[in-house]
Structure formats: C-alpha cells, structure tokens
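> give me the fold of what follows.
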Amino acid sequence: MRDVVVVGASGHAEVVIDILERQGIYRIAGLIDRCVKGHWMGYEILGTEADLPAIVRERDVAGGIVAIGDNWIRHRVVNALDALLPGFAFVTAVHPSAQIGRNATVGRGSVVMAGAVINPNARVGEFCVVNTNASLDHDSAMGNFSGLLPNASTGGKVIIGAFAAVCQGANVIHGVEIGEHTVIGAGATVLDNMPPRVVAYGTPARVVRARDPGEPYLGSRTRMAGA
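Numbers count the residues shown, from 1 in each chain. Prediction:
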C-alpha cells in the first residue's frame with residue numbers, strides 16, 4: 001500500500017480522506033496545509049506546500065491529492081506542486097459506492113464522491129470533483145478543474161468547460177454545453193448552451209452577469225452557493 005499526502009484541511013478534505021480510507025488503495029501519511037496546525041481527522045499536519053519536497057524524500061511518499069473544493073484554488077495549488085515537485089503523482093479518489101459506467105474515464109487528481117454516477121463513455125477530466133449523488137450521463141465530458149456539486153445532474157452528451165461549476169441540485173438537459181469558468185447556480189435548470197465566464201441561474205437558467213476566472217463561488221449566500 002503506497003503512502004500519499006492529502007493537501008488541504010477542510011470539510012472537503014474530510015470527505016476526500018474518508019474516500020481514501022474506504023478505497024483501501026493508499027495509506028495517508030499526513031496532511032499538507034498552510035493554516036491548520038497539529039492534526040486533522042486524526043492525521044498529522046506535516047507542513048506546508050513548501051515543505052513537501054522534504055516530506056516526500058523523508059517519508060517515501062508516492063503521491064498525493066489536492067483536497068480543495070474551489071476549482072480555481074485547486075488549480076493554483078496543483079500548479080504550485082508541479083513547480084516544486086515535477087512529476088509528482090496525483091492520485092484519484094473514487095468512493096466505493098460511486099457507479100462508473102463502461103468506457104467512462106476519470107482523470108488524475110479527480111474526486112468522485114459517494115453515490116455519484118458516471119455513465120458509459122462519459123469523461124471526467126483531471127482535478128475535477130463529482131460531488132455526492134451527482135450524475136454525469138452518457139457521452140458527457142467535464143473539462144479539467146470543473147465540478148458537479150451535490151445532487152447536480154446532466155443529460156447525455158453534455159460538455160462542461162474547464163473550471164466551470166454546476167452547483168447543488170442543478171440540472172442540465174441533454175446536449176447542452178457550458179462554457180469554461182461559468183457557474184450554474186444551485187437548483188437551476190439549464191435548457192440552452194451557456195457562454196464562458198458567466199453566472200447563470202433560475203428555471204430556466206438565464207445569464208445574470210459576467211464572471212471573472214477565480215471569483216469565489218463556494219460558501220456564498222447567493223443562489224449560486226454550493227456545498
């Protein structure tokens with residue numbers, strides 16, 4: 001069993017830790033976090049990202065996973081780790097209760113949570129999050145660093161652009177394309193293609209404003225809030 005580190009100490013990291021424990025493929029050597037000290041979920045906080053090269057050498061760590069829910073922040077941390085440790089092995093966490101269909105693929109560094117369904121020929125890119133009870137239907141694709149939040153679902157042949165987020169309980173009908181960096185608000189029903197870099201919500205979903213890459217969307221009190 002290979003030793004890995006979890007980067008991040010938060011509620012999202014708690015879920016990722018639980019998945020890794022249930023998978024039984026990796027042993028968690030500890031956590032990496034800039035703010036939290038001591039222990040989290042019973043695991044030692046080993047240091048910050050800057051300490052990771054030494055930690056990998058001293059503890060014979062085989063790889064790790066970035067357990068950060070926000071797509072853009074996850075991207076920044078992955079890039080920082082790539083610069084510090086070229087070739088660092090990012091592992092994938094898939095909950096045993098998730099359903100992965102025939103010919104479906106899940107990219108490196110991605111997380112698939114409990115009850116999620118990824119149907120045949122669907123593709124989850126790298127460093128994505130398919131959250132609790134979310135569903136990606138047949139022949140759909142998620143770009144790198146994108147996310148389906150809890151209970152979000154898509155029809156078949158849906159394209160979700162890089163860094164886009166489909167928030168809690170939103171539904172996307174068959175064949176729709178969602179542009180990169182776009183956020184679909186909680187509970188929305190998406191009937192038409194959505195351009196890049198916007199916020200859209202409602203039933204049917206409508207674009208309400210432009211959105212800059214990296215703009216926070218998790219934990220907001222607006223309708224685009226997610227878990």
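> thought residue 27 was touching residue 1?
Yes: shown here, residue 27 and residue 1 form a contact pair, counting by Cβ atoms under 8 Å, at 4.8 Å. Every C-beta, even on glycine, is put in place using the N, C-alpha and C of the backbone.
> those two: who's more crowded?
Each of residue 27 and residue 1 has its neighbours counted (other Cβ atoms under 10 Å); residue 27 has more, 12 against 8.
> who's in contact with residue 46?
With contact set as Cβ atoms under 8 Å, 6 or more residues apart in numbering, residue 46 has these partners: 5, 29-32, 55, 59.
> domain-wise, how is the chain divided?
Residue ranges of the domains in the chain are recorded as 2-84, 93-210, according to automatic domain parsing.
> of those domains, which stretch is the most buried?
domain 93-210 (a mean of 21; mean count of other Cβ atoms under 10 Å).
> adding distance to residue 216, write the domains of the chain out as TSV.
Below are the domains of the chain laid out as TSV (distance: least, Cβ to Cβ, whole Å):
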stretch	distance to residue 216
domain 2-84	7
domain 93-210	10
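> so what's residue 202 up against?
Taking Cβ under 8 Å, 6+ apart as the definition of contact, the neighbours of residue 202 are 185, 188-189, 208, 223.
> and it, how far from residue 79?
34 Å (Cβ to Cβ, to the nearest Å).
> could you do residue 157 as well?
Between residue 157 and residue 79 the distance is 31 Å, computed by Cβ to Cβ.
> cool, and residue 207?
Noted for residue 207: a distance of 29 Å to residue 79, by Cβ to Cβ.
> so where is the chain shaky, pLDDT-wise?
Under the criterion pLDDT under 70, the flagged ranges of the chain are 219-227.
> which residue lies farthest from the center of it?
residue 58 (28.8 Å; Cα atoms, centre = their mean).
> so after the one helix or strand it maps to, what's the next helix or strand?
Using DSSP states H and E, the element containing residue 58 is helix 52-59. The first helix or strand that comes after helix 52-59 along the chain, using DSSP H and E, is strand 63-66.
> contacts for the very next helix or strand once past that next one, please.
Next helix or strand after strand 63-66 toward the C-terminus (DSSP H and E): helix 71-84. Applying Cβ under 8 Å, 6+ apart, the contact partners of helix 71-84 are 7-8, 49-50, 52-53, 64, 66, 68, 88, 90, 109, 127, 129, 145-147, 163-165, 213-215.
> nearest residue to the middle of this protein?
Central residue of the chain (Cα atoms, centre = their mean): residue 129, 2.3 Å from the mean position.
> wait, that residue touches residue 147, no?
Yes: counting by Cβ under 8 Å, residue 129 does reach residue 147; the two are 4.3 Å apart.
> list the residues that contact both of these two?
If you check residue 129 and residue 147 against Cβ under 8 Å, 6+ apart, the residues they both contact are 69, 71.
> touching, residue 38 and residue 30? I think so.
No: using Cβ under 8 Å as the test, residue 38 is too far from residue 30 to be in contact (11.2 Å).
> between the two, what contacts are shared?
Applying Cβ under 8 Å, 6+ apart, one finds that residue 38 and residue 30 are jointly contacted by 44-45.
> with only the CA atoms kept, save stretch 3-21 in PDB.
Listed next in PDB are the C-alpha coordinates belonging to stretch 3-21 (Å, rounded to 0.1, in the frame of the first residue of the first chain):
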ATOM      1  CA  ASP A   3       1.800   6.300   1.200                       C
ATOM      2  CA  VAL A   4       0.200   9.500   0.000                       C
ATOM      3  CA  VAL A   5      -0.500  13.000   1.400                       C
ATOM      4  CA  VAL A   6      -3.700  15.000   1.300                       C
ATOM      5  CA  VAL A   7      -3.200  18.700   0.500                       C
ATOM      6  CA  GLY A   8      -5.800  20.700   2.400                       C
ATOM      7  CA  ALA A   9      -7.500  20.500   5.800                       C
ATOM      8  CA  SER A  10     -11.200  21.500   5.500                       C
ATOM      9  CA  GLY A  11     -14.700  20.000   5.200                       C
ATOM     10  CA  HIS A  12     -13.900  19.000   1.600                       C
ATOM     11  CA  ALA A  13     -10.700  17.300   2.800                       C
ATOM     12  CA  GLU A  14     -12.700  15.300   5.400                       C
ATOM     13  CA  VAL A  15     -14.700  13.800   2.600                       C
ATOM     14  CA  VAL A  16     -11.600  13.000   0.500                       C
ATOM     15  CA  ILE A  17      -9.900  11.400   3.500                       C
ATOM     16  CA  ASP A  18     -13.000   9.200   4.100                       C
ATOM     17  CA  ILE A  19     -12.900   8.100   0.400                       C
ATOM     18  CA  LEU A  20      -9.200   7.200   0.500                       C
ATOM     19  CA  GLU A  21      -9.800   5.200   3.700                       C
END
